[in-house]
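Student: what follows is a predicted structure for the sequence shown.
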Amino acid sequence: MSDRFYVEPKPGDLIEISRLGYQHWAIYVGSGYVIHLAPSNDFMKASTSSIASVVSEKAVVKKELLWEIVGNDACQVNNKYDQKDRPLPADKIVREAEALLGKEMRYSLASENCEHFVTRLRYGRARSDQVRDTLIAGTVGLLGVGVAAVVATVLGLILLPSKRDED
């Protein structure tokens, strides 16, 4: 497995899988397996797209081989909150993840997604920078459009001759 990882995963590690436009998250449980939230319908595999969970608002906890989930996408160990939050003991993380196997769970992109699921297991509380970053980017984009509209309006008022000037 080390030929695809800079850091060899250990049980309890967060695995970030880069998909087109988003990241899918799983928790490494050992022997090449991960536990993750996947679409509850069998016709869509998480290796294809976990976006299917958004449509159904439900997901199921699955244990699958990491490389079957990753496919041709990039992945990495990313225990990104270890500086701020102390991770729970690895054996507890794995035990709690395995206790959830097969359970159907509510899925919400904003509050109960795959990143929330794995961070709750590792740190005892759910977090998702992916959601925060998307909201920030959207807000900045909207502000940028708003600022551009204001600038265009002001420039238009300054540069275009007024109706009075024509008379």
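Tutor: Structure's in. What do you need? No experiment lies behind these values; they were computed from the predicted model shown.

Student: and the gap between the closest residue to I15 other than its chain neighbours and L20?
Tutor: Using C-beta to C-beta, 6 or more residues apart in numbering and skipping residues adjacent in sequence, the residue nearest I15 is A26, 4.6 Å away. For every residue, glycine as well, the C-beta is placed using N, CA and C. According to C-beta to C-beta, to the nearest Å, A26 stands 17 Å off from L20.

Student: same check, this time on L109
Tutor: Distance from L109 to L20, by C-beta to C-beta: 16 Å.

Student: pick out whichever of these two has more residues nearby.
Tutor: L109 (17 against 7; other C-beta atoms under 10 Å).

Student: give me the mean pLDDT for stretch 130-146.
Tutor: The average pLDDT within stretch 130-146 is 56.

Student: please parse this protein into its domains.
Tutor: What the record gives for the chain is the domain set 2-127, 134-161, from automatic domain parsing.

Student: which one of those domains has the lowest average pLDDT?
Tutor: domain 134-161 (a mean of 54).

Student: buried sites along stretch 91-107?
Tutor: By neighbour count with 16 or more other C-beta atoms under 10 Å, stretch 91-107 contains the buried residues I93, V94, E96, A97, L100, Y107.

Student: residues touching the residue nearest to R86 when sequence neighbours are not counted, list them.
Tutor: Excluding the flanking residues, the one nearest R86 by C-beta to C-beta, 6+ apart is Y123, at 7.6 Å. The contact partners of Y123, taken as C-beta atoms under 8 Å, 6 or more residues apart in numbering, are Y81, D85, R86, P87, L88.

Student: I27 falls within a strand, correct?
Tutor: Yes - under DSSP: H, G, I helix; E, B strand; the rest coil, I27 falls within a strand.
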